[in-house]
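Novice: I'll drop the sequence and a predicted model, then ask my questions.
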2 protein chains.
Amino acid sequence: MNVEIINTGSELMLGRVLNTHHQWLSRRLADLGHMVTRQVAVADTGRDIQEAVRESLGRADLIITTGGLGPTSDDITRELIAELLGRKLVQNRDVLAHIDQFFAKRNRARPAMTNVETMVPEGALVFLNPTGTAPGLAVETGQKPGHKQWLVMLPGPPRELRPMFDELVIPLLKQTFAAELFVCRTLRTTGIGESRVQEMIEAGLQPLVVRGLGIGYCARPGAVDVRLTASGTVAPQLVREGEAVVQSIMGPNIYGFDDDEMESVVVRQLMEKKKTVALAESCTGGHIANRITNIPGASVVLLGGVVSYANAAKENLLGVRAETLRQHGAVSEPVAREMVLGVRERFGSDYALAVTGIAGPGGGTPEKPVGTVFIALAWSGGVEVECLLNPWDRVTFKDVTATQALERLRRRLA
Amino acid sequence: MNVEIINTGSELMLGRVLNTHHQWLSRRLADLGHMVTRQVAVADTGRDIQEAVRESLGRADLIITTGGLGPTSDDITRELIAELLGRKLVQNRDVLAHIDQFFAKRNRARPAMTNVETMVPEGALVFLNPTGTAPGLAVETGQKPGHKQWLVMLPGPPRELRPMFDELVIPLLKQTFAAELFVCRTLRTTGIGESRVQEMIEAGLQPLVVRGLGIGYCARPGAVDVRLTASGTVAPQLVREGEAVVQSIMGPNIYGFDDDEMESVVVRQLMEKKKTVALAESCTGGHIANRITNIPGASVVLLGGVVSYANAAKENLLGVRAETLRQHGAVSEPVAREMVLGVRERFGSDYALAVTGIAGPGGGTPEKPVGTVFIALAWSGGVEVECLLNPWDRVTFKDVTATQALERLRRRLA
């Protein structure tokens, strides 16, 4: 089965808005066993919309459009698609009553411009909008000989599209299309580059690839995702076997699965062990604390942190000695060590992380180029300090360094 | 001129990754005067990629593909497009030297599998990758009779694609394609909701809309962008007049323009005035420090901060009195006041910001529901504390609160 998604919106073509519909709908559809084969976005012009829909009608079994169903002048999808399918638009009484009620609840009269929202292509299924006025519409096109083909039109705003899809479209899909069993498992790794990851695991996975296992790689700064996929009744078994192979080869470098983030894994570990952590951040400037505090429940395990950008802050708030700073410089092994010991003592935490480095673009020297960073971890059993080189742009440097620091804590807690 | 962008990546079809390339590239191209007419994403399969590229070759003057140029087995774009265009792949010595050098810098031998990255379609322009190994490629296709047509292939990782586009692709586009004059100006506002912003400015802009000015709104949590656009020779004048109208009505709520972020504006203000700031963050958990330290040069103006999640940290590191915490609770006006005074004194900064609140999902009470936050600003002239309610999810709460805190500093510095 082929699924294609068409978004309409001139603001997308101007790059002023980030399109999240493609990801959201594709993820939902994959979870239902339907793989999206093409995602398209075009401007709100008649020619572009009709051309995109006509092409998809020639290829796909299910076409989902988003946007262009509202009451304003640039909302033209409904009319264009009715024309393309040769269907008349007729007023739907349920929609009229629903929109009347929507405005009555808000003590307002229904604006006349919403009339257009009550018009639906003849024979269409109507999805009354749980959180707005414009209904969703689904038409069995009858244009693909010997195949069922449906065209589903959904409103553009995410807060309308998402509940409508979950509550009304999913039941339609379940009763209309037989889902193929599809399994996707993502193993999230860190510490090894993309090419090396592939070299390490490809031979071991080859027998499973022959049997239908798909392997995908997604490299992000400081991390590589390995994605194992399979379809059909053998899918769970194939993916399980593939996961065992990758585990046996890359075990210590796998920090999580599917939607895990490094910080959510570390917070979970700390909660399970009832341990706490404190942070001393120089070059990461609060990014580690920020990532940890994005996770609900972080307040139980994170006692706090110090962003010690200035040397005076390293001395006054962390107890780093002026002598150490003078002798070795702020970006050095001894300073990282004193920072991590100082922050662990001041917060009274079980674990502590400290980072000091050169994020750039300025501040590098021949001995300590931009990207140099010292990462220190302290716990009841001792201190470890490592020097790494992350020669990326400033924001990527901060993110990679944060991931590396959290990874050291994750391994110590594992 | 028609521009089409084709992203490849099975992870996009699975909805596992949010596609930011379409927005980023469309925005850059619009700023150059080239409007993108279609955005497409397909899986990493030969048939899907070739079909999408073949269709675009039949319509567009400029086709940009992203992804599929790396060294792993699912990187097949280079080969497929060479085949489609009937070009042989030949090894490029500059690319080979560049990749050798890339690994030498990292004290590693070049992996054999990067060989494939050195192969380029005959006659292609090569963009050496400023931040990675796989080069970008540009081919004049010669397939559109009477028209110049270029196909540009860029690597998938944003940190490789973006500098390559800015440094190497833009000069090619400027010398190859005549741009239509297109002006877009974004006024970034905060503190007023989207409908109210529209009500405030729409009447005043109406005469300019009649003459061709486009208005767009983009609401983000805690901020609304007003986008003014126009095409043709009248564009600069129309947009300038529109900007003056919005300025006269919304002046104090406009914190920046175009790509300004609140934190970049504040860092610029502090640098200009040669002033410093320190931060005491409870519920924002380092997010304010993180945003400020994303800006190059932040180390000159940010002395540092304390992430005081635990009450003990508020006492020990900021000097908040135990009595104040007991009497008023950690989320209170008096605690915010003592936090901001404490952090300003300890860091010896000119300005200080402090926030304490309830990010949720847990921790709310009837008197202090989830979303309650106190924001304090201290400077040589005094202290201001404000109580606000930001009833969003945890991550949005942190971001909106950070924006509000920085806005208070921006206005004080203005």
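Specialist: In hand now; what should we look at? Numbers count the residues shown, from 1 in each chain, chains lettered A, B, ... in the order given.

Novice: all contacts plus neighbour counts: C-alpha atoms, from now on.
Specialist: Noted.

Novice: Hmm, A:Val306 and A:Cys283 touching each other?
Specialist: No. Using CA atoms under 8 Å as the test, A:Cys283 is too far from A:Val306 to be in contact (11.6 Å).

Novice: mean confidence score for the lengthiest helix in chain A?
Specialist: Longest helix in chain A, counting residues (DSSP state H): helix A:394-413. Mean pLDDT, computed over helix A:394-413, is 96.

Novice: Check which helices and strands that helix sits against.
Specialist: helix A:262-273, helix A:287-293, strand A:351-357, strand A:372-379 (3 or more CA pairs under 8 Å, 6 or more residues apart in numbering or on different chains; DSSP states H and E).

Novice: change it to 7 Å
Specialist: Packing partners of helix A:394-413 (3 or more CA pairs under 7 Å, 6 or more residues apart in numbering or on different chains; DSSP states H and E): helix A:262-273, helix A:287-293.

Novice: hmm, stretch A:20-30 in reach of chain B?
Specialist: Yes. Under the criterion of CA under 7 Å from any CA of the partner chain, chain B is reached by stretch A:20-30 at A:Thr20, A:Gln23, A:Trp24, A:Ser26, A:Arg27, A:Ala30.

Novice: in that stretch, what counts as buried?
Specialist: For stretch A:20-30, burial by neighbour count (16 or more other CA atoms under 10 Å in any protein chain shown) applies to A:His21, A:His22, A:Gln23, A:Trp24, A:Leu25, A:Ser26, A:Arg27, A:Arg28, A:Leu29, A:Ala30.

Novice: quick one, what contacts the last one?
Specialist: Right, A:Ala30. B:Leu14 (CA atoms under 7 Å, 6 or more residues apart in numbering or on different chains).

Novice: Please apply the same query to the fourth one.
Specialist: Contacts for A:Trp24 (CA under 7 Å, 6+ apart) come out as B:Gly15.

Novice: Low-confidence regions, the stretch 1-150 of chain A specifically.
Specialist: Applying pLDDT under 70 to the stretch 1-150 of chain A flags residues A:73.

Novice: mind giving me the domain ranges of chain A?
Specialist: Domains of chain A are assigned by automatic domain parsing as A:3-176, A:182-257, A:273-413.

Novice: among these, which is the most enclosed?
Specialist: Highest mean neighbour count of the domains of chain A: domain A:273-413, a mean of 22 (counted as mean count of other CA atoms under 10 Å in any protein chain shown).

Novice: returning to that earlier point: next, format the domains of chain A as JSON lines and append distance to B:Gly67.
Specialist: Listed next are those as JSON lines, based on distance: least, CA to CA, whole Å:
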{"stretch": "domain A:3-176", "distance to B:Gly67": "15"}
{"stretch": "domain A:182-257", "distance to B:Gly67": "11"}
{"stretch": "domain A:273-413", "distance to B:Gly67": "19"}
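
Novice: Let me see the confidence value for A:Arg268.
Specialist: Note on A:Arg268: pLDDT of 97.

Novice: Close to chain B: what parts of the stretch 1-150 of chain A are there?
Specialist: So the stretch 1-150 of chain A meets chain B at A:12-18, A:20, A:23-24, A:26-27, A:30, A:35-43 (CA under 7 Å from any CA).

Novice: re earlier: out of the domains of chain A, flag the one nearest B:Gly216.
Specialist: Smallest distance to B:Gly216 across these (CA to CA): 8.1 Å, for domain A:3-176.

Novice: if I look at A:Gly212, how far off is B:Ile76?
Specialist: 19 Å (CA to CA, to the nearest Å).

Novice: any idea which residue of chain A is furthest from its center?
Specialist: Largest separation from the mean C-alpha position in chain A: A:Glu323, at 45.4 Å (CA atoms, centre = their mean).

Novice: With distance to B:Val355 as extra columns, can I get the helices and strands packed on helix A:394-413 in TSV?
Specialist: Shown next, in TSV, are the helices and strands packed on helix A:394-413 (distance: least, CA to CA, whole Å):
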stretch	distance to B:Val355
helix A:262-273	23
helix A:287-293	14
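
Novice: what's the closest of the ones you listed to chain B?
Specialist: Nearest of those to chain B, taken as CA to the nearest CA: helix A:287-293 at 4.8 Å.

Novice: Which SSE is immediately downstream of the closest one?
Specialist: helix A:298-301 (DSSP states H and E).

Novice: what comes into contact with that following helix?
Specialist: Applying CA under 7 Å, 6+ apart, the contact partners of helix A:298-301 are A:Val267, A:Leu270, A:Met271, A:Lys275, A:Thr276, A:Val277, A:Ile292, B:Tyr309.

Novice: give the contact list for the third one.
Specialist: With contact set as CA under 7 Å, 6+ apart, A:Met271 has these partners: A:Val301.

Novice: Let's see that with 10 Å instead.
Specialist: The contact partners of A:Met271, by CA atoms under 10 Å, 6 or more residues apart in numbering or on different chains, come to A:Val265, A:Gly297, A:Ala298, A:Val300, A:Val301.

Novice: Check the last one too.
Specialist: With contact taken as CA under 10 Å, 6+ apart, B:Tyr309 is in contact with A:278, A:289, A:293, A:298-305, B:280-286, B:330, B:356.

Novice: and what of the fifth one?
Specialist: With contact taken as CA under 10 Å, 6+ apart, A:Thr276 is in contact with A:267, A:270, A:298-304, A:344, A:347-352.

Novice: Just to check, A:Gly9 is in contact with A:Thr45?
Specialist: Yes. Applying CA atoms under 10 Å, one finds A:Gly9 in contact with A:Thr45, separated by 8.7 Å.

Novice: Find the residues that touch each one of the two.
Specialist: Residues touching both A:Gly9 and A:Thr45 by CA under 10 Å, 6+ apart: A:Asp74, A:Asp75.

Novice: Next one: the residue farthest from the centre of chain A from A:Gly58, what distance?
Specialist: For A:Glu323 relative to A:Gly58 (CA to CA), the value is 74 Å.

Novice: close enough to count as contact, A:Pro111 and A:Phe102?
Specialist: No. The criterion here is CA under 10 Å, and A:Pro111 misses it with A:Phe102 at 11.1 Å.

Novice: one step back: which residues are in contact with both of A:Cys283 and A:Val306?
Specialist: A:Ala354.

Novice: Stretch A:365-381 close to chain B?
Specialist: No. For stretch A:365-381, no contact with chain B is found by CA under 10 Å from any CA of the partner chain; the gap never falls below 11.9 Å.

Novice: That stretch: how far from the chain's middle?
Specialist: Chain-centre distance of stretch A:365-381: 30 Å, with CA atoms, centre = their mean, to the nearest Å.
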